[in-house]
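# Provided below are the primary sequence and the corresponding predicted coordinates.
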Amino acid sequence: MKIAKILTTAALLLSALTIKAQTDTNALLWEISGNGLEEPSYLFGILKFIPADKYYFPENAEAALKKCKVVATETGLDHHSRHEMNKAAHLEHHQSIDEFIGEDYYKSLKSIFTTKLNVSDFKFNMVYSKFKPVMLSTTMTRLALGENIKFYELELTSKAHSMGLVTVSLESIEKEITMLEKMTLESQTNALKHSIDNFDEQVADYKKLVDFYKDGNLHQSLEYTLHPIENDEKFVEHFINERNAAWIPKIESYSKQAPTFYLLGVSHLADEHGVIAKLRNQGYTVKAVQ
């Protein structure tokens, strides 16, 4: 009995270590198979934007894409989606960001835009000063990378269309906006102040994020994605974890109908609440494609 108990304990420990090793594997491309799927589908982790000279779509991902009939993004990329997101990015009732962060922070923010990001006073006053705090944090980083950047979803959906693939989304733009707006204006304001106080560090962090991303390091990519919002727990719960859970039935449905190539933000793949873990919990085999 004692030997059997030791063997059982050893087996459980080995199983736990195996799961951890699978979770810690560095990879951007993951194959979904088993659980009744006739053909595998694939997950590919992406960043929203990246310097053009760092843009990375490896050969194994290109090969996997050619095996698929459908490309699925988080939300739609059509005119309606862009229009709704543009509306959601702006403060209501023509308010200005200085009403939320105060005069001193407003001066510092304007100085960053005009001296470090080469934005004119006129454009800052007419455009960026009307943005919600969380949008400004992201915009500051994007502008700091210069004009020569690429957007993964646009690049890869364009490639999908040229290949004659069907494109679908896992949620409506309205759903994404609802989840984004669960981050209160107070939390957004605190995050923006953090970005203003640590602007150079935030830009350096994004460059580190790109390096972790290209290494396929999902955990570190998630960590660095959350730095600008200071790891806000409510944001993580609503904008990442809840959306991950809501996508699983859609991923199952699409994958059963046809081999599908999923383009998901790299922050949605990692750790116990990530899409990889959730699909495994549903009985699918999800393995890294090296």
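Thanks, I have it.

# what's the following helix or strand after the helix or strand of the chain with the lowest mean pLDDT?
Within the chain, no helix or strand scores below helix 2-24, which has a mean of 39 by mean pLDDT, DSSP states H and E. The C-terminal neighbour of helix 2-24 among helices and strands, as given by DSSP states H and E, is strand 29-33.

# quick one: buried residues of the helix or strand following that next one?
Using DSSP H and E, the next helix or strand after strand 29-33 towards the C-terminus is strand 41-46. For strand 41-46, a neighbour-count test (16 or more other C-beta atoms under 10 Å) marks 41-46 as buried. Every residue, glycine included, has its C-beta placed from N, CA and C.

# quick check: mean pLDDT across strand 41-46?
Averaged over strand 41-46, pLDDT sits at 96.

# What helices and strands are in contact with that strand?
If contacts are counted by 3 or more C-beta pairs under 8 Å, 6 or more residues apart in numbering; DSSP states H and E, strand 41-46 sits against strand 29-33, helix 59-66, helix 152-162, helix 243-257, strand 260-265.

# Now tell me what touches the helix or strand that the second one is followed by from outside.
Heading C-terminal from helix 59-66, the first helix or strand you meet, by DSSP H and E, is strand 70-73. By C-beta atoms under 8 Å, 6 or more residues apart in numbering, the surrounding residues in contact with strand 70-73 are 65, 153, 156-157, 160, 165-170, 250-251, 254, 257-263.

# Now find how far off-centre strand 70-73 is within its chain.
Computed by C-alpha atoms, centre = their mean, to the nearest Å, the chain-centroid distance of strand 70-73 equals 15 Å.

# neighbouring strands for it, and are they parallel or not?
Partners of strand 70-73 in the sheet, by DSSP bridges, are strand 166-169 (parallel), strand 260-265 (parallel).

# Give me the buried positions along it.
For strand 70-73, the neighbour count (16+ other C-beta under 10 Å) marks 70-73 as buried.

# State the pair within those that is farthest apart.
Farthest apart among those by C-beta to C-beta are V70 and T73. That separation is 10.7 Å.

# thinking again about what came up before, I'd like the helices and strands packed on strand 41-46 laid out as JSON lines, including mean pLDDT and distance to L91.
Below are those laid out as JSON lines (pLDDT from 0 to 100; distance: least, C-beta to C-beta, whole Å):
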{"stretch": "strand 29-33", "mean pLDDT": "98", "distance to L91": "38"}
{"stretch": "helix 59-66", "mean pLDDT": "96", "distance to L91": "38"}
{"stretch": "helix 152-162", "mean pLDDT": "95", "distance to L91": "25"}
{"stretch": "helix 243-257", "mean pLDDT": "97", "distance to L91": "24"}
{"stretch": "strand 260-265", "mean pLDDT": "97", "distance to L91": "25"}
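
# ok, and which of those has the densest surroundings?
Across these, the average number of neighbours (mean count of other C-beta atoms under 10 Å) peaks for strand 260-265, which reaches a mean of 24.

# pull the CA atoms of the helix or strand immediately after that one in the chain into PDB?
Where DSSP H and E defines the elements, the next helix or strand beyond strand 260-265 is helix 275-281. In PDB, the C-alpha atoms belonging to helix 275-281 read as follows (Å, rounded to 0.1, in the frame of the first residue of the first chain):
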ATOM      1  CA  VAL A 275      -7.200  30.600 -23.700                       C
ATOM      2  CA  ILE A 276      -4.700  27.800 -23.900                       C
ATOM      3  CA  ALA A 277      -5.500  26.600 -20.400                       C
ATOM      4  CA  LYS A 278      -9.200  27.000 -20.900                       C
ATOM      5  CA  LEU A 279      -9.200  24.900 -24.100                       C
ATOM      6  CA  ARG A 280      -7.200  22.200 -22.300                       C
ATOM      7  CA  ASN A 281      -9.800  22.200 -19.500                       C
END
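
# Cool, thanks, talk later.
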